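>>> show me the folded form of this:
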Amino acid sequence: MQTLLGTLPAATRQHRSTFLSLQAQRPWRRTGMKPPAPAAVGLLLALALLALIHLPPPPACSPLPLPASSPPGPPREVVAPLSGGQAHRKRLPMPLTHLQQEQAPGRSRRRRGVERDTPPWLSADDLQKMRLLSSGQVVSKTRVPAHGQIMRVGLRAMGDAKGDAKGDAKGDVTPASPEGDCQDGRCGLIKRPGDLYEVLAFHLDRVLGLNRSLPAVARRFTSRLLPYSYTDGALRPIIWWAPDLQHLEDANNDQNSCALGWLQYQEMLQPHRPTLVAGDAPCSSIPHSEWSRLALFDFLLQVHDRLDRYCCGFQPDPSEPCVEEMLHEKCRNPAELVLVHILVRRSAPSRLVFIDNAGRPQHPEEKLNFRLLQGIDSFPAAAVATLRSGRLQSLLLESLRLDRELWESQGGAEGLRPLLRTIDRRARVLLRHIRQHNLTLFEDSPR
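All right, here's what the predicted structure looks like:
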């Protein structure tokens, strides 16, 4: 039309434009309405845009709900050392941001590191300690004797009148008394990056209903009170420090509450042996059921350091500490074998405390250490029921999702599944052992 108009004389073009303008106005005249004013058109457009802005966002298509994450930003480079061997670096997509969850009407803000929607196997006390470990401000530090790569730190919870609301930020307060903080239950042990498996072990303990491990979370530290090796961005486990762990006064054996040799231990497990009065023999106040829990837990994680620190139950590789320290040679003389890390709390002397639970995630299945089960003739019914349910992996994922730092560093569910499948296979081996030896189950005592 514009092309045709351009070929007409100027006067004719003027008449033609007037005609078209009148034609455009005729529908309004037929209906008795006035043409819309420009201001009205603008108002309608503004209302339409406002409605589009307030439309709800489309639902996310993630197959697994991810934990609350840090504010939006570029992807972080993380290290995934849990699976053992050479740690590898990879780029992970940022998980769903938690800002929409926090700002949505009717929803309360979530605390950093630990979600409010928690599974039933984690108690209120567990959650409180996990929050302290994941976000408490570092206010003191102490080296642990004979453990050069472990640091004990005092922590102040966010909002504590003595602390700083910025948590573990660089604005640290004046260091407090380390002993005072630890006696109040506000201390944690920062361990090596290679010990991250301890966090998974804590969740396994709770999922199985054993409740003998100390709370543990994964965390990156930035406090200026700590050496650079602790603040270089590496993810480390931090374990809650139990203030009343009972230690022997012997400096060479202070990692035990009682001195117990392998032969004494096996004799104590004999079903015909009468129950001893506390004090009649080392560790006699610890009932058989406690050793059953420990054996089950250590077998699934392949923790050798407690019941078989000499690696007598399998053929170790030359790189194993038990070989390098020439401990394996003592297997020829059972009288020389002792148990290590057998600890109780003064407040509960009949309950074992499981520490140093890193275990061996990559221990080969053909070398599983059945010596850990030797002498054990019964197991906790609730834990065995969970192993039989076929839901062990899904329950562990539900629990591990609460630890945001660990979850993201391992690549979420897909990154953790190889480890969980390993534990699940060991569980099936344990169940077969229980069937083949016709072992009994016992009901658990209240928590």
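
>>> only C-alpha atoms from now on, for both contacts and neighbour counts.
Noted.

>>> can you check which helix is longest in the chain?
Looking across the chain with DSSP state H, the single longest helix is helix 412-436.

>>> doesn't D184 make contact with W241?
No. At 10.1 Å, W241 does not count as touching D184 under the criterion of CA atoms under 8 Å.

>>> compare these two and say which is more crowded by neighbours.
Comparing W241 with D184 by other CA atoms under 10 Å, the one with more neighbours is W241, at 22 against 11.

>>> show me what contacts the more buried one?
182, 185-189, 214 (CA atoms under 8 Å, 6 or more residues apart in numbering).

>>> among these, which are in helices?
Using DSSP H, the contacts of W241 in helices are C182.

>>> determine which two of the contacts of W241 are furthest apart.
Spatial extent of the contacts of W241 (CA to CA) is set by the pair C182 and L214 at 14.4 Å.

>>> one step back: which member of the contacts of W241 is positioned nearest R156?
Once CA to CA is applied, the member of the contacts of W241 that ends up nearest R156 is R186, at 6.8 Å.

>>> neighbours around that closest one, how many?
For R186, using other CA under 10 Å, the count is 23.

>>> any idea of the mean pLDDT in the longest helix of the chain?
When pLDDT is averaged along helix 412-436, the result is 97.

>>> now the element after that helix, going C-ward?
strand 440-442 (DSSP states H and E).

>>> list the buried residues of that next one.
Using 16 or more other CA atoms under 10 Å as the burial criterion, the residues of strand 440-442 that qualify are L441.

>>> now A242: closest residue in space, sequence neighbours ignored.
Once flanking residues are discounted, A242 sits nearest to G185: 6.6 Å by CA to CA, 6 or more residues apart in numbering.

>>> what comes up buried for the helix or strand harbouring L263?
Assigned by DSSP H and E, L263 falls within helix 262-268. Using 16+ other CA under 10 Å as the test for burial, helix 262-268 gives 262, 264-265, 268.

>>> which two among the residues you listed are spaced furthest apart?
Every pair of the buried residues of helix 262-268 checked by CA to CA; the farthest is W262 and M268, at 9.8 Å.

>>> give the residue spans of the stretch 51-200 of the chain that score low on pLDDT.
51-81, 83-116, 146-148, 159-178 (pLDDT under 70).

>>> tell me where this structure has strands.
77-80, 88-91, 137-144, 147-156, 187-190, 216-219, 236-240, 343-345, 348-353, 378-380, 440-442 (DSSP state E).

>>> got these as CSV, with distance to S292 columns?
As requested, the strands of the chain are exported to CSV (distance: least, CA to CA, whole Å):
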stretch, distance to S292
strand 77-80, 32
strand 88-91, 37
strand 137-144, 30
strand 147-156, 29
strand 187-190, 27
strand 216-219, 23
strand 236-240, 24
strand 343-345, 15
strand 348-353, 11
strand 378-380, 5
strand 440-442, 10
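
>>> can you say which of those is nearest to L208?
Using CA to CA, the nearest of the strands of the chain to L208 is strand 378-380, at 9.3 Å.

>>> buried set for the closest one?
Result for strand 378-380 [16+ other CA under 10 Å]: buried residues 378-380.

>>> what of stretch 130-143?
Under 16+ other CA under 10 Å, the buried positions of stretch 130-143 are 130-141.

>>> now do the end-to-end distance for that stretch.
One end of stretch 130-143 sits 22 Å from the other (CA to CA, to the nearest Å).

>>> what does stretch 390-407 give?
22 Å.

>>> what comes up buried for that stretch?
392-393, 395-407.

>>> what do you get for stretch 347-364?
Residues 349-361 are the ones in stretch 347-364 that count as buried (16+ other CA under 10 Å).

>>> cool, stretch 411-422 as well?
411-413, 415-417, 419-420, 422.

>>> ok, now which ones touch H304?
298, 310-311, 359, 369, 372 are the contacts of H304 under CA under 8 Å, 6+ apart.

>>> dump the residues you listed to CSV, plus distance to P334 and pLDDT.
Output for the contacts of H304, formatted as CSV (distance: CA to CA, whole Å; pLDDT from 0 to 100):
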residue, distance to P334, pLDDT
D298, 20, 98
Y310, 10, 97
C311, 12, 97
G359, 23, 90
N369, 17, 98
L372, 15, 98
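
>>> looking at those, which is nearest A427?
For these, the nearest to A427 is D298 (11.3 Å; CA to CA).

>>> my guess is the closest one meets L372, correct?
Yes. If you go by CA under 8 Å, D298 and L372 touch, sitting 7.1 Å apart.

>>> and the gap between C283 and L406?
From C283 across to L406, the span is 36 Å (CA to CA).

>>> could you do M326 as well?
From M326 to L406 the distance is 35 Å (CA to CA).

>>> repeat for L307
L307 sits 28 Å away from L406, going by CA to CA.

>>> Q410 contacts L419, correct?
No. In terms of CA under 8 Å, Q410 does not count as a neighbour of L419; the distance is 10.4 Å.

>>> where do the helices of the stretch 201-350 of the chain begin and end?
For the stretch 201-350 of the chain, applying DSSP state H, counting those that start in this stretch gives helices covering 262-268, 288-301, 321-324.

>>> mean neighbour count, the ones you listed: which tops it?
Comparing the helices of the stretch 201-350 of the chain by mean neighbour count (mean count of other CA atoms under 10 Å), helix 288-301 ranks first with a mean of 22.

>>> mind giving me the packing neighbours of it?
Using 3 or more CA pairs under 8 Å, 6 or more residues apart in numbering; DSSP states H and E as the contact criterion, the elements in contact with helix 288-301 are strand 378-380, helix 412-436.
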